[in-house]
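Engineer: model this:
(chains A and B)
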Amino acid sequence: MAIAVASSTLFHFLPASSDPPYEILQTHPSLALLSKCKSIKYLKQVHSQFIKFGLHNTKFALSKLVEFCAVSPYGDFSYALSIFNSIHDPNHVLYNMMIRGYSLSSFPYIALHYYVNMLLFGLQPNSYTFPFLLKSCTKLRVACVGKQVHGHVFKFGLENDVFVHTSLVNMYAQQSNLDDARLVFDKSDFRDAVSFTALITGYISGGRVDDARDLFDAIPVRDVVSWNAMLSGYAQTGQFDQALNLFQEMREAKVTPDVSTLLTVLSACAHLGAIDIGNWVRSWIEEHGLGSNLRLTNALIDMYAKCGNLKLAETFFDGLQEKDLVSWNVMIGGYTHTSNYKDALRIFHLMQRNNVEPNDVTFLNLIPACAQLGSLDLGKWIHAYISRHYNDFPNDSLWNSLINMYAKSGNIEAANQIFYGMKTKNLASWNVMISGLAMHGSANSAFEVFSEMRKEGFQPDEVTFVSLLSASCHAGLVDLGRQCFKSMVQDYHITPQLQHYGCMIDLLGRAGLFDEAMAMIEEMKFEPDGAIWGSLLGACRVHKNLKLGEHVAKQLFKLEPDNPGAYVLLSNIYAGAGRWDDVARIRTFLNDNGMKKVPGSTSIEVDTIVHEFLVSDRSHPATPEIYKMLDEIDRLLAIAGHVPDTSEVNYDVDEEWKEDVLCQHSEKLAIAFGLISTRPGTTLRIAKNLRVCGNCHSATKLISKIFKREIIARDRSRFHHFKDGLCSCKDYW
DNA sequence: CTAGGGTTAG
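Structural biologist: The predicted structure is shown next:
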């Protein structure tokens, strides 16, 4: 039934009347309607009901209306104002409601104005007034106003009210005035979970998580909110293991978790890879009918993805009828975090087809995938999009990420352009630029950028030095590396970390300075990790140092018994020395233990599509044409005098087969595909997941000359820029 | 008519 909508003029200047008995009002049927109100239109109908029943000029009904309009998310503040303004003599309840409404608004100072008016009209504030007023003061963040209101609490003798007391504690805690918060807190006899939690939150935001925990342990009766506050305190400070321990205690205490609890716990599981607790949370969610909660499902997707169960993550993702931006972003991020870059791109393309607008988080997850796959076309598209949308509100991380992407895609000029075009650079911008140059073997440029960085007043950190040392390493500049390491310690007071030693040992080993490299391992305070022994083993292979190689391999096996790469490297050293029995022994060992080498794969982007090739891959639709091109390449290589070196083949097989596998290494397949699918003269950009092998390196040099193509190849650790039969690494890698 | 946590992804 449609009810005439009441205009606010109807109740202007109505004579004040005394309310009917409270009991009658409280059970009046029109009040039940108010709680069901979901829109301002419906509210006006309820208002008409009040008029119909003659309640419209009772203070009780009016304060109910004002409360709803000022506080409910479906309310309308201007409607609250017009009602309040129509009342000649508002009582303290009506004033309280206005104060409450403004305490929730973006103009909390107006609450103070109403408080002053209330006093001017001779009304006494009561125990309900101060919690609202103090909330406004909290929002205002003006310490002296809060102090004055605190004074009024004493003036009106309300300091012993639980709610007022807690509001005071909360206000001081939120204003980072922990001393006063503690003072008020300690003075009172009634410390319940609420005031404890207010103080705990203050300690947490002040970084004093352990003090917060002491308080938490002292709470007589903990409720969900106090558990959640402590849990999120641990989560905020990255102590996810502590958060999960606390959650375990919470379960033992039989406290029912709410949505906030579950969100915090799922995020902790995602960070720690704690899939068991994650599974428990999942079944809890399903048993309690929370499966349709979008935020929880997003958190579940994130948790499963970060724990490595991408399949289940995507099942939940697919099951979502209504996906929001976060759903898409966690799915893309999940794939990026677990190095499934092609899938990250796949989800993004799906997102595009569903007409969902990406945001900066989408790109922060997507750009590393482009970088890793060398997907320069998509990267350029993102760059253009970002220039359009974020130029006025620069997001440093986005630009840094783009610099990294261009550098990793071999386009150092574009990286430079963004870098020097940035209005504000942060430390990460400098670091990412220096590391990009290091990857390209441009040690000189890397050190030039470093001195610019110093001139602009930036203090390098340990990351900067990793990049500088690796630049020295890729260029084989032993003296420069030594100087840099020394300067890091003496001039910049940075204690060398394992990574810094790693770069130095790599540099020294690669230069054949094995004694110095071993001395450095002895000297450092850390136990060498797999990467260090691995780089030294690689150096032993290059310098054919069998004796040290065997020793180093032994150390590596101890650390990483399941890493087939170490065995393959040693096998290569044996093969180089012609010790085929040892090669066979290793192969048998690997086969018996079911250890498979990480398959080499190379990707190349043609017309925005990334094509990925494995060794001897025949899955590509253009396989016949690719292999035809491969034959042509081999024919021309042979004419140019290229003889494959078979010593690098890992397994003891027939010479003929060896050469065959060599010719079908993934990079050669990618290059063959690039040659047949792009116009003559186009630069080919390929990205390999492992290190480039010697054969492919010398073959690619020749290919660049024979086919007159620049080939920019990225391997696991650096770039090779092939042109006119030469490589930018000067055959040193 | 009242106070405390939570705004996800990087």
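Engineer: need phi/psi at A:Phe613.
Structural biologist: Backbone torsions for A:Phe613, taken as degrees, to the nearest 10, come to phi -120, psi 140.
Engineer: tell me how far stretch A:430-439 is from the chain's mean position?
Structural biologist: 21 Å (CA atoms, centre = their mean, to the nearest Å).
Engineer: do stretch A:476-485 as well
Structural biologist: On CA atoms, centre = their mean, the centre of stretch A:476-485 falls 34 Å from the chain's centre.
Engineer: likewise stretch A:98-115?
Structural biologist: With CA atoms, centre = their mean, you get 37 Å for stretch A:98-115.
Engineer: burial count for the residue of the stretch 201-350 of chain A found nearest DNA strand B?
Structural biologist: Using CB to the nearest atom of the strand, the single residue of the stretch 201-350 of chain A nearest to DNA strand B is A:Ser260, 2.7 Å away. Any C-beta I mention is one placed from the backbone N, CA and C, and that applies to glycine too. A count of neighbours around A:Ser260, defined by other CB atoms under 10 Å, yields 16.
Engineer: which residues touch the longest helix seen in chain A?
Structural biologist: The longest helix of chain A (DSSP state H) is helix A:623-639. Under the contact criterion CB atoms under 8 Å, 6 or more residues apart in numbering, helix A:623-639 has outside partners A:618, A:620, A:663-664, A:668-669, A:671-673, A:675-676, A:699, A:702-703, A:706.
Engineer: can you go through the residues you listed and name the buried ones?
Structural biologist: A:620, A:663-664, A:668-669, A:671-673, A:675, A:699, A:702-703, A:706 (16 or more other CB atoms under 10 Å).
Engineer: what is the nearest of the contacts of helix A:623-639 to A:Ile332?
Structural biologist: Set against A:Ile332, the nearest of these by CB to CB is A:His620 (25.5 Å).
Engineer: where's the closest one relative to DNA strand B, distance?
Structural biologist: 33 Å (CB to the nearest atom of the strand, to the nearest Å).
Engineer: same deal with A:Asn126?
Structural biologist: From A:Asn126 to DNA strand B the distance is 6 Å (CB to the nearest atom of the strand).
Engineer: nearest residue to that residue in space, ignoring adjacent ones along the chain?
Structural biologist: Nearest non-adjacent residue to A:Asn126, counting by CB to CB, 6 or more residues apart in numbering: A:His92, 5.9 Å away.
Engineer: what are the phi and psi angles of the closest residue to DNA strand B within the stretch 601-733 of chain A?
Structural biologist: Nearest residue of the stretch 601-733 of chain A to DNA strand B: A:Ala687, at 21.3 Å (CB to the nearest atom of the strand). When quoted as degrees, to the nearest 10, the phi and psi of A:Ala687 stand at phi -130, psi 130.
Engineer: A:Ser571 reaches A:Thr588, doesn't it?
Structural biologist: No - the criterion here is CB atoms under 8 Å, and A:Ser571 misses it with A:Thr588 at 11.0 Å.
Engineer: for the two, indicate the residue with more neighbours.
Structural biologist: Using other CB under 10 Å, the more surrounded residue of A:Ser571 and A:Thr588 is A:Ser571, with 27 against 11.
Engineer: secondary structure class for that one?
Structural biologist: helix (DSSP: H, G, I helix; E, B strand; the rest coil).
Engineer: quick one: contacts for the closest residue to it other than its chain neighbours?
Structural biologist: The spatial neighbour of A:Ser571 that comes closest, neighbours along the chain excluded (CB to CB, 6+ apart), is A:Ile586 at 4.4 Å. Contact analysis of A:Ile586 by CB under 8 Å, 6+ apart lists A:567-568, A:570-571, A:574.
Engineer: hmm, which of those residues is lowest in pLDDT?
Structural biologist: Lowest pLDDT of the contacts of A:Ile586: A:Val568, 78.
Engineer: neighbours of that residue, just the number please.
Structural biologist: 17.
Engineer: distance of it from A:Gly600?
Structural biologist: 11 Å (CB to CB, to the nearest Å).
Engineer: A:Val643 too?
Structural biologist: 22 Å.
Engineer: of the two, which one has the most company?
Structural biologist: Just comparing A:Val643 and A:Gly600: by other CB under 10 Å the higher neighbour count belongs to A:Gly600, 19 against 10.
Engineer: quick one: pLDDT of A:Ala6?
Structural biologist: 39.
Engineer: so who does A:Asp582 touch?
Structural biologist: A:Asp582 sits in contact with A:571, A:574, where contact means CB under 8 Å, 6+ apart.
Engineer: recalculate using a threshold of 6 Å.
Structural biologist: For A:Asp582, the contacting residues are A:Tyr574, by CB atoms under 6 Å, 6 or more residues apart in numbering.
Engineer: what of A:Leu178?
Structural biologist: Contacts of A:Leu178 (CB under 6 Å, 6+ apart): A:202, A:206.
Engineer: now do A:Gly202
Structural biologist: Taking CB under 6 Å, 6+ apart, one finds A:173, A:178, A:181 in contact with A:Gly202.
Engineer: got the domain ranges for chain A?
Structural biologist: Domain assignment for chain A by the TED database gives A:527-597, A:602-727.
Engineer: who touches A:Val478 in this structure?
Structural biologist: A:Ala511.
Engineer: count of neighbours near A:Ile532?
Structural biologist: A:Ile532, neighbours per other CB under 10 Å, totals 28.
Engineer: helix or strand right after the host helix or strand of it?
Structural biologist: Element membership of A:Ile532, judged by DSSP states H and E, is helix A:530-542. Once helix A:530-542 ends, the next helix or strand along the chain (criterion: DSSP H and E) is helix A:546-559.
Engineer: show residues contacting that following helix.
Structural biologist: A:514, A:530, A:533, A:536-537, A:540, A:566, A:570, A:573, A:577.
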